[in-house]
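fold the following, please.
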Amino acid sequence: MIIPYHMIAPETLSRLIEEFVSRDGTDNGYDESLAKRVKKVMARLKSGDMVIVFDQESQTPNILPKEIATELSVPS
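Alright, predicted model coming up:
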């Protein structure tokens, strides 16, 4: 299920994005601050390039590129 980012409380959204950009495997080798990475993800959410998805089975949110989230939501 795709959740519009603007439907999430600002503090919750900020924490979700911070968790996303600091996950294992997300270090791209660049020396970029957490604040910059959060800002970039927020810009991509605002542009619609990325979306927040909620997996009802695991009860967890995630941030994905829109194309991938759309593919996952299409029944096979």
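
ok, the residue nearest to the spatial centre of the chain - contacts?
By CA atoms, centre = their mean, the chain has its centre lying nearest to residue 63, at 2.3 Å. Counting by CB atoms under 8 Å, 6 or more residues apart in numbering, residue 63 makes contact with 16, 17, 20, 41, 45, 50, 51, 52, 53. From N, CA and C alone the C-beta is placed, and that goes for glycine too.

just the closest of these to residue 1, please.
residue 53 (6.6 Å; CB to CB).

what's near enough to touch that closest one?
Residue 53 neighbours (CB under 8 Å, 6+ apart): 1, 2, 3, 61, 62, 63, 64, 69, 72, 73.

what helix or strand does it sit in?
strand 50-55 (DSSP states H and E).

could I get the buried residue list for that strand?
For strand 50-55, a neighbour-count test (16 or more other CB atoms under 10 Å) marks 50, 51, 52, 53 as buried.

this structure: strands as residue ranges?
For the chain, the strands defined by DSSP state E occupy 2-3, 50-55, 60-65.

quick check: the gap between the residue lying closest to residue 3 once chain neighbours are set aside and residue 31.
Spatially, and ignoring its direct neighbours in sequence, residue 3 is nearest to residue 52 (4.7 Å; CB to CB, 6 or more residues apart in numbering). For residue 52, the distance to residue 31 equals 27 Å [CB to CB, to the nearest Å].

which parts of the lengthiest helix in the chain are buried?
Longest helix in the chain by number of residues (criterion: DSSP state H): helix 34-47. Buried residues in helix 34-47, counting neighbours by 16+ other CB under 10 Å, are found at 37, 38, 41, 44, 45.

hmm, which two among these are most spread apart?
37 and 45, at 12.8 Å, using CB to CB across these.

buried set for stretch 62-72?
62, 63, 64, 66, 69.

farthest-separated two in those residues?
62 and 66 (12.7 Å).
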